[in-house]
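S.K.: okay, predicted coordinates and the sequence, questions at the end:
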Amino acid sequence: MLEVIDGGLRTTVQDMGRRGGQALGIPPSGAQDGFALRIANVLVGNPPGGPLVVRDDPGAAGLEMTLGRLKLRALEDHVLALTGADTGATVDGEAVPCWSSFVLREGQTLACGLAQSGARAYLAVHGGIDVPLYRGSRATHVSGGFGGLEGRPLAKDDRLPVGAPTASVADLAGRRLRPDLVPAYAPPMRVRTVAGPEEHHFTADSVEAFYATAWKLNPKADRTGMRFIGPELSFKPGRPHYLIEDAGADPSNIVIDPGAPVGTVQVPSGVEPIVLCVDSPSIGGYARIAIVITTDMARVGQVRPFEETRFVRISHEDAVVALTAQEALIADPDIII
Amino acid sequence: MIFAEPVFRPGGDRFIEMELGDEMSFDLNFRVHSVSRLIRECGPAGIIEIVPELTSIMISYDFERISYADVVAEVTALFHAVGSLDGLELDSRIFYLPIRYFDPWTRECYDDYCAKIAPKERDPELVARLNGLADLAQLARVHSGTDYWVAALGFYPGLVSLMPLDPRCRLTAPKYDPPRTWTYKGTIGIGGALCSIYPDRTPGGYQMIARTPVPIWDPAQRLAAFAESLALFRPGDRVRFIPASAEEYDHVAAQVEAGTYLHNVAEYQRFSIGNYHRWLGTIDETVRF
């Protein structure tokens, strides 16, 4: 059991998301930076689960902190690991390294500071955060009010149940990720995409501008969508009449409402492309210029307000290669030393 | 138009978007649901989730079990196996929802928008004017004069996209620009050619003309109708709006509050698209109620 002393800026219980709800409009939710949460779970000996949506395997639940400031007290001995953004965390005042497992003894306090680079930090605990499963996952969807701890962010005096241990504290403490695999969250963040279904609706100049621009993250970004500030993009003329009748004169509005899976980059009215994130519903409605590849949604989750992001187009085949390589990496026992 | 062959677009490395057309029509949406059902029943291993939408189907797949090219080949074969729609029938429940037209809550929401964001014409008056209706009474008559087809769920958990099945009741309206920051739960709105019910208090853009006290989405699954699902509707259901007085609205709202409300639904209904097409041929679509 862990006791929350301070929930921080916004901390929620997350795993690798729920599957099968999208036909009802239920988003997958889960970790914004799935790589960081999965590695945290590997470090403490938990099942990491599969990549979002692709596997029906949420893995163990941990905590996702936005920018940090979480403070917890252990009510019994636990093995923990922190990954993602480095919050300069301490245990009873003594620094603990990121991307490593450590022991939090009964009565000890873990205090996270504010992240200096990266936007989200992850905490895994051996046994996993043991809140009830909701539709196959423990991920919190705050605006829907379900999953996680009562469907809400953590607050002072919350108690987090932890699953039963399956290994000894001594075996699990002091493990760390191979240093060359620790991601750097230095801007400009490079985010790979494949061409979106409506890329051909945009002018050639606008497609070029989309890939040439260092986009700045709008500070109103959240787990539903991240808007990026930059040049206005324009659409080719010649919108068919039936579309104007059904979807309106705005050329970005293709409503007709196509699918908008996590990673979709929509451009409403040509202004501020939005990357749809893990809490976004399944249906969109605006022209989709690009789609962020599965592996790189982890990087999107680490962009800070006003930080720069560059989109890089790759082929569909290379996106599959990147995902295959990431899955092989996470399954490889030698990445932990 | 409705495509003779589906158009496939890779949605990144784990989704495929299968487009069956690009117009807002019942026939197209019916085909979407027919193809989706066939993929769900006989699709290849490795397909994970099938999300039917208004004009397209989103398919997610496990890249380690099946390739993009194989998904495309398999679902194309299923698309052709559906064939003509006229022989198809499917189970389609009808839900009867009491709604109060031109209610005080959507008016309050409108006033708040005008005061804080931008002044605009009142929603019911705007919808009546743009659709050539004589007055608000006719708007209520036209809007409640048809069954609605549950074409898709999405945008927000439980949110429905409803298409009027009677072309004489078709209403269109532009969306709020900029959108509202909040909308009352249960608000009935019109945007483009669609009608929607807001499942919860959310931002929104549809023109608001009524409100229902009946929940259509319940993550706590408190009422009996939500025992099996958080969402009241499934694609392919139908909805009929029943105009309610203030007293009737309050009566239902109190039952909902007490947890005793029983959703009014006919479970024995089937929908025959052949019969529907034949009926369409007998009516004058240009006449309003």
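M.R.: Okay, I see it.

S.K.: tell me where the longest helix sits in the chain.
M.R.: Using chain A here. Criterion DSSP state H: the longest helix present in chain A is helix A:316-331.

S.K.: sorry, I should have been clearer: chain B.
M.R.: helix B:26-42.

S.K.: packing partners of it?
M.R.: Where contact means 3 or more Cβ pairs under 8 Å, 6 or more residues apart in numbering or on different chains; DSSP states H and E, helix B:26-42 is packed against strand B:2-11, strand B:15-21, strand B:47-52, strand B:56-61, helix B:68-82, strand B:89-91, strand B:147-153. For the C-beta atoms, the positions are set from N, CA and C on the backbone; glycine is no exception.

S.K.: quick one: contacts of the helix or strand following the last one?
M.R.: From strand B:147-153 onward toward the C-terminus, using DSSP states H and E, the following helix or strand is strand B:160-164. Contacts to strand B:160-164, defined as Cβ atoms under 8 Å, 6 or more residues apart in numbering or on different chains, come from residues A:257, A:283, B:24, B:26, B:29, B:54, B:146-155, B:170-171, B:193-197, B:199, B:216, B:233, B:239.

S.K.: A strand includes residue A:39, no?
M.R.: No. Using DSSP: H, G, I helix; E, B strand; the rest coil, the assignment for residue A:39 is helix, not a strand.

S.K.: and the closest residue to it other than its chain neighbours, what pLDDT?
M.R.: Closest residue to residue A:39 apart from its sequence neighbours, by Cβ to Cβ, 6 or more residues apart in numbering or on different chains: residue A:83 at 5.2 Å. pLDDT, residue A:83: 98.

S.K.: and the gap between residue A:83 and residue A:98?
M.R.: Distance of residue A:83 to residue A:98, computed by Cβ to Cβ, to the nearest Å: 6 Å.

S.K.: which pLDDT value goes with the residue lying closest to residue B:82 once chain neighbours are set aside?
M.R.: In space, residue B:82 comes closest to residue B:34 once its chain neighbours are excluded; the distance is 5.0 Å by Cβ to Cβ, 6+ apart. You'll see residue B:34 listed with a pLDDT of 90.

S.K.: thought residue B:34 was touching residue B:86?
M.R.: No. Checked against Cβ atoms under 8 Å, the pair residue B:34 and residue B:86 is beyond contact range at 11.7 Å.

S.K.: so which of these two has more stuff around it?
M.R.: residue B:34 (22 against 12; other Cβ atoms under 10 Å in any protein chain shown).

S.K.: next, count neighbours for the residue nearest to residue A:327 when sequence neighbours are not counted.
M.R.: Nearest non-adjacent residue to residue A:327, counting by Cβ to Cβ, 6+ apart: residue A:51, 6.9 Å away. Residue A:51 has 26 neighbouring residues, counting by other Cβ under 10 Å.

S.K.: got the contact list for stretch A:320-337?
M.R.: A:35, A:38-39, A:42-43, A:48, A:51, A:54, A:175-178, A:181, A:192, A:293-296, A:314, B:13-14, B:63-64, B:68.

S.K.: helices - which of the residues you listed land there?
M.R.: Short answer: these in helices (DSSP H) are A:35, A:38, A:39, A:42, A:43, B:68.

S.K.: in a markdown table: the residues you listed, plus neighbour count and pLDDT.
M.R.: Output for these, formatted as a markdown table (neighbours: other Cβ atoms under 10 Å in any protein chain shown; pLDDT from 0 to 100):
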| residue | neighbour count | pLDDT |
| --- | --- | --- |
| A:35 | 25 | 97 |
| A:38 | 29 | 98 |
| A:39 | 25 | 98 |
| A:42 | 25 | 97 |
| A:43 | 28 | 97 |
| B:68 | 18 | 89 |
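
S.K.: quick one: which two of the residues you listed are the most distant?
M.R.: A:43 and B:68 (33.5 Å; Cβ to Cβ).

S.K.: what does the stretch 51-200 of chain B put close to chain A?
M.R.: Residues of the stretch 51-200 of chain B lying near chain A by Cβ under 8 Å from any Cβ of the partner chain: B:51-58, B:60-64, B:68, B:152-159, B:161, B:172, B:174-175, B:192-193, B:200.
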